[in-house]
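>>> got a predicted structure here, sequence first:
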Amino acid sequence: MKKNIGLYFGSFNPIHIGHLIIANYLAEFTDLDEVWLVISPQSPFKKKASLLENHHRYELVYRALENFDKLKASNIEFDLPTPNYTSKTLAVLAEKHPEYSFNLIMGEDNLRSFHKWKNYEFILENHKIYVCPRLGDGKINEDFQSHKNIHFTNTPIMHISASLIRDSIQKSKNIRPMLPNAVWQYIDEMNFYR
Ligand SMILES: Nc1ncnc2c1ncn2[C@@H]1O[C@H](COP(=O)(O)OP(=O)(O)OP(=O)(O)O)[C@@H](O)[C@H]1O
Ligand SMILES: O=C(O)c1ccc[n+]([C@@H]2O[C@H](COP(=O)([O-])O)[C@@H](O)[C@H]2O)c1
């Protein structure tokens with residue numbers, strides 16, 4: 001049987017414990033054998049402002065995952081054209097790793113706008129999507145609510161976001177519990193987001 005990989009795409013600017021708890025939960029409690037956190041240089045829906053350089057965001061993810069054997073950091077998108085369309089990355093990965101079966105992981109906020117993604121119908125037809133509950137406004141498209149390839153998971157609900165962390169660091173607030181230790185240390189050493 002092909003190994004089942006969950007691809008968790010994101011800006012990870014920076015990675016926070018919400019990401020880590022979700023990735024670990026899915027690797028431990030679902031049929032996914034591994035979860036790869038794919039650092040996107042540039043999401044099609046996000047502005048570049050306040051985005052740390054790719055290699056720094058990769059380093060933060062790498063440090064956060066050091067003690068988790070089933071979780072891996074991926075820089076596969078660093079050599080691809082920007083903005084990063086997930087359908088393109090999935091095609092590259094499928095060609096590079098025919099031995100794996102690739103699934104998507106996303107927060108509910110991303111599912112709400114998924115109908116605007118490039119080639120979303122193709123993605124949905126060919127990949128399972130694991131959706132993690134997240135507080136927020138906006139309805140989920142009805143077709144997605146009962147689609148055979150969309151799985152709503154029971155990952156813990158946390159009202160944590162990378163933007164809250166960036167804003168808080170800028171305001172000198174202590175948000176250390178929201179970050180893995182190694183991530184906070186690197187951010188602090190490098191003076192990021194201040
Ligand atoms: N607290 C959370 N609960 C559920 N899903 C989350 C949470 N935080 C992030 N995600 C999901 O993780 C993926 C990557 O998220 P991303 O790196 O953009 O983090 P973010 O915290 O949403 O960032 P920002 O606040 O900068 O928009 C997305 O699919 C997003 O929906
Ligand atoms: O492929 C698309 O059209 C597309 C549209 C929006 C977002 N994505 C990807 O979804 C991931 C999470 O995006 P974001 O905006 O929540 O950081 C990131 O890897 C983006 O490249 C992809």
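Everything's here; your move. Numbers count the residues shown, from 1 in each chain. Ligands and ions are numbered 1, 2, ... in the order given.
>>> where exactly do the helices run in the protein?
17-29, 54-64, 86-96, 108-112, 120-126, 142-145, 162-170, 181-190 (DSSP state H).
>>> so which of those helices is nearest Leu71?
Proximity to Leu71 (C-beta to C-beta) singles out helix 17-29 among those, at 5.2 Å. Just so you know, the C-beta spots here come from the backbone N, C-alpha and C atoms, and that holds for glycine as well.
>>> what's that closest one in contact with?
6, 8, 10, 12, 32-35, 37, 64-65, 68, 70-71, 105, 107, 130, 132, 153-156, 158, 160-161, 177-180 (C-beta atoms under 8 Å, 6 or more residues apart in numbering).
>>> interface residues of this structure facing ligand 1?
Contact residues, the chain versus ligand 1 (C-beta under 6 Å from any ligand atom): 10-13, 18-19, 22, 106-107, 109-110, 132, 134, 158, 160-163.
>>> grab the nearest non-local neighbour of whichever residue of the chain sits closest to ligand 1.
Residue nearest to ligand 1 within the chain (C-beta to the nearest ligand atom): Gly107, separated by 2.2 Å. Sequence neighbours aside, Arg134 is the residue nearest to Gly107 in space, at 4.3 Å (criterion: C-beta to C-beta, 6 or more residues apart in numbering).
>>> skipping adjacent residues, who's closest to Lys139 in space?
Lys139's closest residue in space is Arg112 (C-beta to C-beta, 6+ apart), at 7.1 Å.
>>> give the contact list for the one you found.
Here Arg112 is in contact with Gly136, Gly138, Lys139, Ile140, Asn141 (C-beta under 8 Å, 6+ apart).
>>> filter those residues to the buried ones?
Neighbour-count burial (16 or more other C-beta atoms under 10 Å) is assigned to none of the contacts of Arg112.
>>> and those residues as JSON lines, adding pLDDT and distance to Leu80?
Below are those laid out as JSON lines (pLDDT from 0 to 100; distance: C-beta to C-beta, whole Å):
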{"residue": "Gly136", "pLDDT": "89", "distance to Leu80": "28"}
{"residue": "Gly138", "pLDDT": "88", "distance to Leu80": "28"}
{"residue": "Lys139", "pLDDT": "91", "distance to Leu80": "32"}
{"residue": "Ile140", "pLDDT": "94", "distance to Leu80": "28"}
{"residue": "Asn141", "pLDDT": "93", "distance to Leu80": "27"}
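>>> averaged over its residues, what pLDDT does stretch 185-194 have?
Average pLDDT, stretch 185-194: 97.
>>> which residues are contacting it?
Pro14, Ser50, Leu52, His56, Glu59, Leu60, Arg63, Ile165, Arg166, Ile169, Gln170, Leu179.
>>> is stretch 82-91 up against ligand 2 anywhere?
Yes. Stretch 82-91 reaches ligand 2 (C-beta under 6 Å from any ligand atom) through Asn84, Tyr85, Thr86, Ser87.
>>> buried ones in stretch 121-136, by neighbour count?
Ile123, Leu124, His127, Lys128, Ile129, Tyr130, Val131, Cys132, Arg134.
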